[in-house]
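*Asks:* only geometry, no sequence info:
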């Protein structure tokens, strides 16, 4: 099973709201990723968690706050977003210590900030 | 600087025709190489990968890719395209043994006519 699940599929939020995106994988992968993808563009890396610790933050604004409660779950907490933050947010996972360097992506959450 | 170039922004083929999508990279050493496909509004699905060994790799959905070190290329091919292959295709490269930071190409949009 190479499935990464993401909820919700769609999210509309105002600029003063607080919301969270959720990602889950049950493949035993120890690295998990958040990406942002704008229309007609490739994904842009935001955060990487390795063994539940934040290992990479690509200078993402603090209105995005990641959290990795356990090895299967990854959250992205959103607060005071801007309209330009509207995008497809993708989660991915991989298991490099097992020699599996490819990243498996979830279906994404389509976020609209109004 | 490390980069990935997909020279063709948009390709149109007839169903049943052969397909080749180009990918060239600039990297200090031989990177790990990936092809992903993305249907509209969906996540990325891994088609195939190359780490080492046989330079012709087979993937899912009848796709194959050939790594050519001398040309710094990793072109994706399919002998007979199906209408369901219409999607966005991304080539990506990563550092050997640490693919947390994938470098994506800008993508090639494939349109298939009946």
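*Replies:* Looks like it came in fine. All of these numbers come straight from a predicted model, not from anything done at the bench.
*Asks:* When you work out contacts or count neighbours from here on, use the C-alpha atoms and nothing else.
*Replies:* Noted.
*Asks:* what does chain A put close to chain B?
*Replies:* Counting by CA under 8 Å from any CA of the partner chain, chain A comes close to chain B at A:41-43, A:45, A:48, A:88, A:90, A:96, A:99, A:101-108, A:110.
*Asks:* Quick check: phi and psi at residue A:58.
*Replies:* phi -80, psi 50 (degrees, to the nearest 10).
*Asks:* tally of neighbours for it?
*Replies:* 12 (other CA atoms under 10 Å in any protein chain shown).
*Asks:* okay but it is in contact with residue A:45, surely?
*Replies:* Yes: the pair residue A:58 and residue A:45 passes the contact test of CA atoms under 8 Å, sitting 6.8 Å apart.
*Asks:* Would you confirm that residue A:17 contacts residue A:63?
*Replies:* No: assessed by CA under 8 Å, residue A:17 is found out of contact with residue A:63, at 11.0 Å.
*Asks:* any shared contact partners between the two?
*Replies:* Residues touching both residue A:17 and residue A:63 (CA atoms under 8 Å, 6 or more residues apart in numbering or on different chains) are A:78, A:79, A:80, A:81.
*Asks:* Scan those residues and report the most crowded one.
*Replies:* Among the shared contacts of residue A:17 and residue A:63, the one with the most neighbours (other CA under 10 Å) is residue A:81, at 22 neighbours.
*Asks:* Just confirm that residue is within a strand.
*Replies:* No: Residue A:81 is assigned coil when assessed by DSSP: H, G, I helix; E, B strand; the rest coil, not a strand.
*Asks:* which residues does the residue in chain B that chain A sits nearest to contact?
*Replies:* Using CA to the nearest CA, the single residue of chain B nearest to chain A is residue B:43, 4.0 Å away. Residue B:43 sits next to A:90, A:105, A:106, A:107, A:108 when contact means CA under 8 Å, 6+ apart.
*Asks:* Which residue lies closest in space to it, excluding its sequence neighbours?
*Replies:* In space, and not counting its chain neighbours, residue B:43 is closest to residue A:107: 4.0 Å by CA to CA, 6 or more residues apart in numbering or on different chains.
*Asks:* Return the set of buried residues in stretch A:89-104.
*Replies:* A:89, A:90, A:91, A:92, A:93, A:94, A:95, A:96, A:101, A:102, A:103, A:104 (16 or more other CA atoms under 10 Å in any protein chain shown).
*Asks:* and chain B, which residues reach chain A?
*Replies:* B:34, B:41-46, B:49, B:90, B:97-101, B:104-107.
*Asks:* Next step: those residues restricted to strands.
*Replies:* Here DSSP state E is the test, and those give B:34, B:44, B:45, B:46, B:49, B:90, B:98, B:99, B:100, B:101, B:104 as lying in strands.
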